[in-house]
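sharing a sequence plus its predicted fold:
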Amino acid sequence: MSAQSVNNWFVRGAIGKSSAIKLADALGVSLEWVLGQDVGPKDGLRPDERRLLELYNQLPNEEEQQNMMRIVSLRLKELDQLYAKYMGRRIKGDAE
């Protein structure tokens, strides 16, 4: 999607269906949201995001919800460290 395409949508005040579908997919939101239709708070979420929110809301209390947030945060930190380690080796390996 080019900047010119986006500019044309603003000038025309409309977006084509195929462009709207591509944009929704790229942004990870619903087509309805891109088109400015009324959507509920969960309507812009992908099915896996909706499921995660449902599971989170089923936790018995705020303490458990915070525990889940800590676990997810720790996992993301681990993944960041693995990525940094791998990319460091990859860059060094390419230079040799």
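Arrived safely. Residues are numbered from 1 along each chain as shown.

and stretch 37-51, how far apart are its ends?
One end of stretch 37-51 to the other measures 23 Å (Cα to Cα, to the nearest Å).

which residues does it contact?
The set of residues that contact stretch 37-51 without belonging to it, under Cβ atoms under 8 Å, 6 or more residues apart in numbering, is 28, 29, 30, 32, 33, 53. C-beta coordinates here come from the backbone N, C-alpha and C atoms, glycine included.

pick out whichever of these sits closest to residue 62.
Ranking the contacts of stretch 37-51 by separation from residue 62, with Cβ to Cβ as the measure, puts residue 53 on top at 15.4 Å.

where in the protein is pLDDT low?
Under the criterion pLDDT under 70, the flagged ranges of the chain are 41-44, 92-96.

swap in 80 and give it another go.
Counting by pLDDT under 80, the ranges of the chain that qualify are 1-2, 6, 28, 30, 38-46, 88-96.

domain assignment for it?
Domain assignment of the chain by automatic domain parsing yields the ranges 3-34, 59-95.

would you mind finding the most buried of those domains?
Burial among the domains of the chain, expressed as mean neighbours by mean count of other Cβ atoms under 10 Å, is greatest for domain 3-34, which shows a mean of 13.

ok, back up a step: in the contacts of stretch 37-51, find the pair that's most separated.
Using Cβ to Cβ, the two most remote members of these are 32 and 53, lying 17.9 Å apart.

which residues does the residue positioned nearest the centre of the chain contact?
The central residue of the chain, meaning the one whose C-alpha is nearest the mean C-alpha position (Cα atoms, centre = their mean), is residue 28 at 5.4 Å. Taking Cβ under 8 Å, 6+ apart, we find residue 28 in contact with residue 46.

which phi and psi does it have?
Backbone torsions of residue 28, given as degrees, to the nearest 10, read phi 70, psi 30.

ranges for the helices of the protein?
Under the criterion DSSP state H, helices of the chain are mapped to 3-12, 17-27, 31-34, 47-58, 62-95.
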